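from the sequence below, what's the structure:
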Amino acid sequence: MQNQRNIILAVVLTALVLFGWEAGVGYFYPQAKTPTKTVEAGGAEEATEPGKPTREGGLRDAAAVALEKKDLKSALAAGERVAIEAPAVSGSINLVGGLVDDLVLNEHRETVDKDSGPVR
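Numbering: from 1, shown residues only. Predicted structure coming up:
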């Protein structure tokens with residue numbers, strides 16, 4: 001009789017943990033509510049097109065590459081930076097936020113051509 005009571009108690013406590021975990025995590029660590037953006041008629045193209053291109057999957061559009069290079073020059077000119085100089089890597093670290101957003105691989109080229117620039 002004692003073993004049956006312990007097994008039932010173990011099953012009930014396990015079910016409580018499994019099903020109550022989501023509620024407990026949601027209570028103690030609430031997620032930030034993101035505002036939803038409504039799309040008016042005729043504006044679907046504008047809503048899906050981001051303002052700045054992402055590097056996910058690589059940039060293939062020439063305009064997006066030019067925009068990124070322009071943004072890089074303005075980001076490198078603004079704020080305090082710490083230079084990185086090593087045989088294989090060079091660049092700088094942005095002191096605001098500690099971001100390594102300027103990194104050049106000196107030993108690797110962007111393409112197989114000898115005259116192509118290093119990978120940034």
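
helices along this structure, start to end?
Listed in chain order, the helices of the chain (DSSP state H) span 2-28, 44-48, 62-77.

mean pLDDT lowest where, among those helices?
Mean pLDDT is lowest for helix 44-48 among the helices of the chain, at a mean of 49.

how much space between Pro87 and Thr14?
Using Cβ to Cβ, to the nearest Å, we find Pro87 at a distance of 56 Å from Thr14. No exception for glycine: its C-beta is placed from N, CA and C like everyone else's.

which of these two has more neighbours?
Each of Pro87 and Thr14 had its neighbours counted (other Cβ atoms under 10 Å), and the higher figure belongs to Thr14 (10 against 7).

identify the residues contacting Ala88.
Shown in contact with Ala88 (Cβ atoms under 8 Å, 6 or more residues apart in numbering): 105-107.

among these, which ones are in strands?
Among the contacts of Ala88, the members falling in strands (DSSP state E) are 105-107.

in JSON lines, list the contacts of Ala88 along with neighbour count and distance to Lys33.
Formatted as JSON lines, those follow (neighbours: other Cβ atoms under 10 Å; distance: Cβ to Cβ, whole Å):
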{"residue": "Leu105", "neighbour count": "14", "distance to Lys33": "41"}
{"residue": "Asn106", "neighbour count": "14", "distance to Lys33": "45"}
{"residue": "Glu107", "neighbour count": "9", "distance to Lys33": "47"}
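
nearest to Ile8 among those?
Set against Ile8, the nearest of these by Cβ to Cβ is Leu105 (61.7 Å).

the closest residue in space to the closest one that isn't next to it in sequence: what's it in contact with?
Nearest residue to Leu105 in three dimensions, chain neighbours excluded: Val119, at 4.3 Å (Cβ to Cβ, 6 or more residues apart in numbering). Listed by Cβ under 8 Å, 6+ apart, the contact set of Val119 reads 104-105, 108-110.

closest one of these to Ala62?
Distance to Ala62, by Cβ to Cβ, is smallest for Glu110 among these, at 14.4 Å.
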